[in-house]
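sharing a sequence plus its predicted fold:
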Amino acid sequence: DAGVTQSPTHLIKTRGQQVTLRCSPKSGHDTVSWYQQALGQGPQFIFQYYEEEERQRGNFPDRFSGHQFPNYSSELNVNALLLGDSALYLCASSRQASGNTIYFGEGSWLTVV
Amino acid sequence: AQSVSQHNHHVILSEAASLELGCNYSYGGTVNLFWYVQYPGQHLQLLLKYFSGDPLVKGIKGFEAEFIKSKFSFNLRKPSVQWSDTAEYFCAVNAKSSASKIIFGSGTRLSIRP
C-alpha cells in the first residue's frame, strides 16, 4: 500500500460540468503533485502544491486548478469538462526536505460523456 | 524540450526469456531516473531509481537498469521473466532541482506467455 489515498475511485461526468478530486498524502509528506494519465499513455504532470501554494505547473489550461489544505491534503478541480479530459488522475506525494522519493495513489478514473 | 522515449510499445515474451526495455531521455541539467511498473488495476509502483553513483542499479523483483550518460539511456533488464511480470512499464526522469515534476515515457506493455 503506497499510503496515498484518492477519492472517488471512479466517476462519470457530463461535458461542461465541473469535477473535484481529492487526495490525502502519505503520512509525513507535505508536497502533493497531480498527474493525468490518458488511456495508453504515460502520466503527464499537471501541477505541484507545497505550503498551500501552487509551485510548478505543467502544460494544462486554467480549467485545471487545485488547492492544498493545512493538513497537506489536496483537491484537483476541473471546470468546463471536455471529452478529452477522460483519464486516470493520479496524486503523488513526497516530502520536500528529502524530495526525491515520490509515492503514487491508485488514481481516480474520470469519464466525461 | 524535456522528454522520455520508450522504444517498444508492446513486448511479448515467453516465461524465462530475458527482457530489455529501452529508454532514452532528453533533459537539461542533472537528473534522477526511474522505472515504474503498473500492474493491471493497481497503482504505479517504483521498480528502481538512479540518483548518483554506480550506474548499474538493482530494483525489486529481480529488475536492474543501467544508466549510460553518454547515450542518455536508462534501459531496464531482467534475466528471466515470469508470468507475473505482465504489466505496463514506464521510464521517467526528473531534475534534481524539481523532484516532484516527473516526466514519463509513454510506457511499454509487457505480456508474458505462460
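Thanks, I have the structure now.

OK, contacts around residue 9?
You didn't pick a chain, so chain A it is. For A:Thr9, the contact set (CB atoms under 8 Å, 6 or more residues apart in numbering or on different chains) comprises A:Glu106, A:Ser108, A:Trp109. All C-beta spots, glycine's among them, are computed from the backbone N, C-alpha and C.

let me rephrase: I mean chain B.
B:His9 touches B:Ser106, B:Gly107, B:Thr108, B:Arg109, counting by CB under 8 Å, 6+ apart.

specify the beta-bridge partners of the third one.
Put plainly, it is B:Thr108. B:Tyr89 (DSSP bridges).

hmm, it is touching B:Asn8, no?
Yes - using CB atoms under 8 Å, B:Thr108 is in contact with B:Asn8, at 4.8 Å.

shared neighbours, these two?
Shared contacts of B:Thr108 and B:Asn8, defined by CB under 8 Å, 6+ apart, comprise B:Leu21.

ok, these two, which is more surrounded?
Neighbours per residue (other CB atoms under 10 Å in any protein chain shown) separate B:Thr108 from B:Asn8, with B:Thr108 holding more: 22 against 14.

please name the residues that touch that one.
Neighbours of B:Thr108 in contact, by CB under 8 Å, 6+ apart: B:Gln6, B:Asn8, B:His9, B:His10, B:Val11, B:Leu21, B:Glu88, B:Tyr89, B:Phe90.

out of those residues, who has the most neighbours?
Comparing the contacts of B:Thr108 by number of neighbours (other CB under 10 Å), B:Phe90 comes first, having 27 neighbours.

contacting residues around it?
So B:Phe90 contacts A:Gly42, A:Pro43, B:Gln6, B:Trp35, B:Tyr36, B:Val37, B:Gln38, B:Leu44, B:Phe104, B:Gly105, B:Gly107, B:Thr108 (CB under 8 Å, 6+ apart).

of those, which one scores lowest on pLDDT?
The weakest per-residue confidence within those falls on B:Leu44 (88).

that one contacts B:Trp35, doesn't it?
No - the pair B:Leu44 / B:Trp35 is not scored as a contact, 10.6 Å apart, by CB under 8 Å.

what residues of stretch A:34-53 count as buried?
Within stretch A:34-53, the residues that count as buried by 16 or more other CB atoms under 10 Å in any protein chain shown are A:34-37, A:42-50.

any idea how far apart the tips of it sit?
Terminal residues of stretch A:34-53 are spaced 13 Å apart (CA to CA, to the nearest Å).

how far does it sit from its chain's centre?
Here stretch A:34-53 shows a centroid-to-chain-centroid distance of 6 Å under the convention CA atoms, centre = their mean, to the nearest Å.

before we move on, the earlier item: what is the nearest of the buried residues of stretch A:34-53 to chain B?
Set against chain B, the nearest of these by CB to the nearest CB is A:Gly42 (3.4 Å).

C-alpha coordinates for stretch B:52-68, PDB please?
Below are the C-alpha coordinates for stretch B:52-68, written out as PDB (Å, rounded to 0.1, in the frame of the first residue of the first chain):
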ATOM      1  CA  SER B  52      24.000   9.000  -8.400                       C
ATOM      2  CA  GLY B  53      26.900   6.600  -8.100                       C
ATOM      3  CA  ASP B  54      27.000   3.200  -9.600                       C
ATOM      4  CA  PRO B  55      25.300   3.400 -12.900                       C
ATOM      5  CA  LEU B  56      24.000  -0.200 -12.600                       C
ATOM      6  CA  VAL B  57      21.100  -0.100 -10.200                       C
ATOM      7  CA  LYS B  58      19.100  -3.100  -8.900                       C
ATOM      8  CA  GLY B  59      15.500  -2.900  -8.000                       C
ATOM      9  CA  ILE B  60      12.700  -5.100  -6.800                       C
ATOM     10  CA  LYS B  61      11.700  -8.400  -8.300                       C
ATOM     11  CA  GLY B  62      15.000  -9.100 -10.000                       C
ATOM     12  CA  PHE B  63      14.900  -6.000 -12.200                       C
ATOM     13  CA  GLU B  64      18.000  -3.900 -12.900                       C
ATOM     14  CA  ALA B  65      18.800  -0.900 -15.100                       C
ATOM     15  CA  GLU B  66      22.000   0.700 -16.400                       C
ATOM     16  CA  PHE B  67      22.400   4.500 -16.800                       C
ATOM     17  CA  ILE B  68      24.700   5.300 -19.700                       C
END
